[in-house]
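**Student:** Here is a sequence with its predicted model. Questions after.
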Amino acid sequence: MTGKLVLENLKNRPMRSLLTILLIGVPVTLILTLVGLTQGMLSDAQDRQRGAGADIMIRGSDVKGLTSASTITIPARMVDLVQRQPHVKLATGVINERVEVIMLLAGIDMARFSQMTGGFTFDRGGPLKGPDDILVDRLYAEEHHLQVGQTVDLVSHNWRVAGVVEPGKMARLFVQVGTLQDLRAATGKIGQIYVQADAPANINLVKEELIRLLRDYPVYTMDEISAMYNVDQIPAIKPFTVVVAAIGVVIGVTVVWLSMYMVVLQRTREIGILKALGASKAFILGIILIEAALLGVGGTILGIVFSYGAQWLIQTLVPASFQMAIAYGWWPRVAAITLAAAILGALYPGLSAARQDPIEALAYE
Amino acid sequence: MSDGAIIETRELRKVYRVGQVDVPALRGVDLTVQAGEFLSLVGPSGSGKSTLFHIIGGLTPPTAGEVKVGGQNLAALSDAGRTKLRRRTVGFVFQKFNLLPNLTARDNIAVARHIAGLGTKPDAQFDEVLRLLGIAGRLDHKPNALSGGEQQRVAIARAIVNHPAILLADEPTGNLDSENSKAVLEVLRDLNRRLGQTVLMITHNPEAAAYGHSTVHMRDGRIVDRTAPTT
């Protein structure tokens, strides 16, 4: 009966109920989108690093941490030195240049890079031939509406789109390493060396050998690099998520507070009727809290649905720049946060309702 | 408590505080109502009728004096105790019907059972009461689909569904036309006669008051007369 009373109340004022659910749903969407973007972009970067087909990466001596800016400090002749080491099947030098804040432009040795990755799959066009040629992956081409033969301006240089490739090979944009060296006045230098061992069992052996050989250069297995792609490695993201969640709680509490306060005012007479029938304070408070909790559940569901909408929008509008995962693991968390906010927001109006004098409430017009 | 008395008040006083002014609403009311009695309460506005009702119904405590309802001293009851009293000992019928607008007539009746902790389904004999009230076929309608007379009869059904010792009716015909008023008053008289339901009814209408066994006249917070009606 209590459930019916609450449901009928919600049904009777559909616009208020829907608006409240919408306003609760928006911060839920914000939280899920932020977390989904973090997870999606880390996972995408991880997948693309794996897609390089390398087992080991050697980085510049001055690079610290995952998010450090790329530098071009490794002498290119070191690639041959590494190539000659026992159990090294293949080594290739790469320059990763950051463009558009979060996008990487990779300067590669086309032949060696193709050998290491197993080769590009071309949607359209063909491999890098001229010094100004660029390969773009399908997502980048979609986002920027690029066709083969078109010119694209990146890092203050005009490039001709030679081909559109399937995504998943380290970067979204590829040019000849030599051109990038010239542009950066770094002739004879590279940013990283990717190394493929002759067998998985020898990866650690190769790594130890390279550490011994290249004392000043950090050497990581790709598993170690993959492990760096997690939220803990990005210092600002956790506090930022907490701040967004806190804003969500404040919005949720305020919305529910206002909504339930309005409900209590509108239903003063009904509360008086229930009290005249012998409803206890706990019963009245319970009705208000259950109604708020249902609005919270509705807001959570709507927020989850909206997060799919946000994912679709991101995939449609900026598929190369941003990747958003659906943060299933956060559904219970946002549900708990929203429920807590809804109940907190309904507490004061609920207690006011429970404390109402039945005679005054019955006389309310 | 006198033998057979279901309501007994002695020197009952109620003072309301309005701003910084004390407003006496009851100035020493002595009233005895026997079980099974149908008592009409009349008097001008501000005479204290509704206040007396509210105290007997456990909606507000008295300021002083004694009030016993069904053997319970209401002056000694806490807010929770009065809440409990309202569940089963008294049933209210109001001038404005006061049905819950979002619920059907059936659910309006069921909610009273639910609050009293008796489940939601009325007992089997209650079907007879519904027939007596003439609303058996209207139970699945919401209040806005019922006439005033039907709404008031639903309110009466809700008031007696838990078999209260006393039915308190505050101007039950105040919002009804003469035809519906007559129907409601006859229902109240039938409930009193057939089921022995004790009824206290506030009214301004002498014809309505005539349905009771006796009439109490109030003025300025006091009972000034108690007479059998002349019909």
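**Tutor:** That came through, no problem. These figures come from a predicted structure and were not determined experimentally.
**Student:** ok, so what distance separates residue B:25 from residue B:16?
**Tutor:** 6 Å (CB to CB, to the nearest Å). The way it works is simple: take the backbone N, C-alpha and C, and place the C-beta from them, glycine included.
**Student:** show me the contacts for residue B:212.
**Tutor:** By CB atoms under 8 Å, 6 or more residues apart in numbering or on different chains, the contact list for residue B:212 reads B:38, B:39, B:40, B:199, B:201, B:229.
**Student:** what's the farthest-apart pair in those residues?
**Tutor:** By the measure CB to CB, B:199 and B:229 form the most distant pair in the contacts of residue B:212, at 13.9 Å.
**Student:** and these two? which has more neighbours close in?
**Tutor:** residue B:199 (26 against 15; other CB atoms under 10 Å in any protein chain shown).
**Student:** Now name the helix or strand holding the more buried one.
**Tutor:** Element membership of residue B:199, judged by DSSP states H and E, is strand B:198-202.
**Student:** what's that strand packed up against?
**Tutor:** Counting contacts by 3 or more CB pairs under 8 Å, 6 or more residues apart in numbering or on different chains; DSSP states H and E, strand B:198-202 packs against strand B:5-18, strand B:21-34, strand B:38-42, helix B:49-56, strand B:166-170, helix B:178-195.
**Student:** which residue does chain B bring closest to chain A?
**Tutor:** Residue of chain B nearest chain A, by CB to the nearest CB: residue B:87 (3.2 Å).
**Student:** how distant is the helix or strand harbouring that residue from the center of its chain?
**Tutor:** In this assignment (DSSP H and E), residue B:87 forms part of helix B:79-88. In terms of CA atoms, centre = their mean, to the nearest Å, the centre of helix B:79-88 is found 15 Å from the chain centre.
**Student:** in chain A, what residue is nearest chain B?
**Tutor:** For chain A, CB to the nearest CB, closest residue to chain B: residue A:278, 3.2 Å.
**Student:** so who does that residue touch?
**Tutor:** B:83, B:84, B:85, B:86, B:87, B:88, B:112, B:115, B:116.
**Student:** Any chance you could list what contacts the helix or strand of chain B with the lowest mean pLDDT?
**Tutor:** Averaged element by element with mean pLDDT, DSSP states H and E, chain B has its least confident helix or strand at helix B:126-133 (a mean of 84). Around helix B:126-133, the neighbours that count as contacts under CB under 8 Å, 6+ apart are B:136, B:139, B:153-154, B:156-157, B:160-161, B:187, B:190-191, B:194-195.
**Student:** Need the worst-confidence member of the contacts of residue A:278.
**Tutor:** Of all the contacts of residue A:278, residue B:88 has the smallest pLDDT value, namely 86.
**Student:** contacting residues around residue 87?
**Tutor:** No chain was given, so I picked chain A. A:197, A:198, A:199, A:202, A:205, A:206, A:209.
**Student:** Correction: the question concerned chain B.
**Tutor:** A:277, A:278, B:115, B:116, B:117, B:162.
**Student:** Buried among those residues? Make that a PyMOL selection.
**Tutor:** Per 16 or more other CB atoms under 10 Å in any protein chain shown, the buried members of those correspond to this PyMOL selection:
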select buried, (chain A and resi 277+278) or (chain B and resi 115+116+162)
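**Student:** Please convert the contacts of residue B:87 to CSV, extending it with secondary structure.
**Tutor:** Formatted as CSV, those follow (DSSP: H, G, I helix; E, B strand; the rest coil):
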residue, secondary structure
A:277, coil
A:278, coil
B:115, helix
B:116, coil
B:117, coil
B:162, coil
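**Student:** Whichever of the contacts of helix B:126-133 end up buried, select them in ChimeraX.
**Tutor:** To isolate the buried members of those in ChimeraX, using 16+ other CB under 10 Å:
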select /B:139,153,154,156,157,160,161,187,191,195
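**Student:** Enumerate the residues of chain A near chain B.
**Tutor:** Residues of chain A lying close to chain B (CB under 8 Å from any CB of the partner chain) are A:1-2, A:4-5, A:8-9, A:11-12, A:269-270, A:272-281, A:283, A:357-359, A:362.
**Student:** which among those residues end up buried?
**Tutor:** With burial judged by 16+ other CB under 10 Å, the buried subset of the residues of chain A next to chain B is A:4-5, A:8-9, A:269-270, A:272-281, A:283, A:358-359, A:362.
**Student:** wait, what's in contact with residue 117?
**Tutor:** Here I'm looking at chain A. Residue A:117 neighbours (CB under 8 Å, 6+ apart): A:51, A:52, A:53, A:169, A:170.
**Student:** please go with chain B instead
**Tutor:** Here residue B:117 is in contact with residue B:87 (CB under 8 Å, 6+ apart).
**Student:** where's it relative to residue A:127, distance?
**Tutor:** 81 Å.
**Student:** which residues touch stretch A:279-296?
**Tutor:** A:2-3, A:5-7, A:9-10, A:17, A:20-21, A:24, A:252, A:256, A:259-260, A:263-264, A:271, A:274-275, A:338-339, A:341-343, A:345-347, A:349-351, A:353-356, B:80, B:83, B:115.
**Student:** Any chance of TSV for the helices and strands packed on strand B:198-202, columns distance to chain A and mean pLDDT?
**Tutor:** TSV is the format used below for those (distance: least, CB to the nearest CB, whole Å; pLDDT from 0 to 100):
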stretch	distance to chain A	mean pLDDT
strand B:5-18	10	92
strand B:21-34	11	93
strand B:38-42	17	94
helix B:49-56	6	93
strand B:166-170	10	93
helix B:178-195	18	88
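**Student:** For those, give me JSON lines that also has distance to residue B:68.
**Tutor:** JSON lines is the format used below for the helices and strands packed on strand B:198-202 (distance: least, CB to CB, whole Å):
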{"stretch": "strand B:5-18", "distance to residue B:68": "5"}
{"stretch": "strand B:21-34", "distance to residue B:68": "10"}
{"stretch": "strand B:38-42", "distance to residue B:68": "16"}
{"stretch": "helix B:49-56", "distance to residue B:68": "10"}
{"stretch": "strand B:166-170", "distance to residue B:68": "12"}
{"stretch": "helix B:178-195", "distance to residue B:68": "21"}
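**Student:** of all these, which lies closest to residue A:107?
**Tutor:** Comparing those by CB to CB, strand B:5-18 comes nearest, at 85.8 Å.
**Student:** Just the buried positions in the closest one, please.
**Tutor:** B:5, B:6, B:7, B:8, B:9, B:12, B:13, B:14.
**Student:** The last one contacts residue B:24, correct?
**Tutor:** Yes. Assessed by CB atoms under 8 Å, residue B:14 is found in contact with residue B:24 at 7.4 Å.
**Student:** Give me the common contacts of the two.
**Tutor:** residue B:221.
**Student:** Tell me which residues touch the residue sitting nearest the centre point of chain B, please.
**Tutor:** Among the residues of chain B, residue B:168 comes closest to the average C-alpha position under CA atoms, centre = their mean, at 0.8 Å. Contact partners of residue B:168, counting by CB under 8 Å, 6+ apart, are B:53, B:56, B:57, B:90, B:91, B:92, B:93, B:159, B:200.
**Student:** Just put those residues in JSON lines and tack on neighbour count.
**Tutor:** Formatted as JSON lines, the contacts of residue B:168 follow (neighbours: other CB atoms under 10 Å in any protein chain shown):
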{"residue": "B:53", "neighbour count": "21"}
{"residue": "B:56", "neighbour count": "25"}
{"residue": "B:57", "neighbour count": "25"}
{"residue": "B:90", "neighbour count": "27"}
{"residue": "B:91", "neighbour count": "29"}
{"residue": "B:92", "neighbour count": "26"}
{"residue": "B:93", "neighbour count": "25"}
{"residue": "B:159", "neighbour count": "25"}
{"residue": "B:200", "neighbour count": "26"}
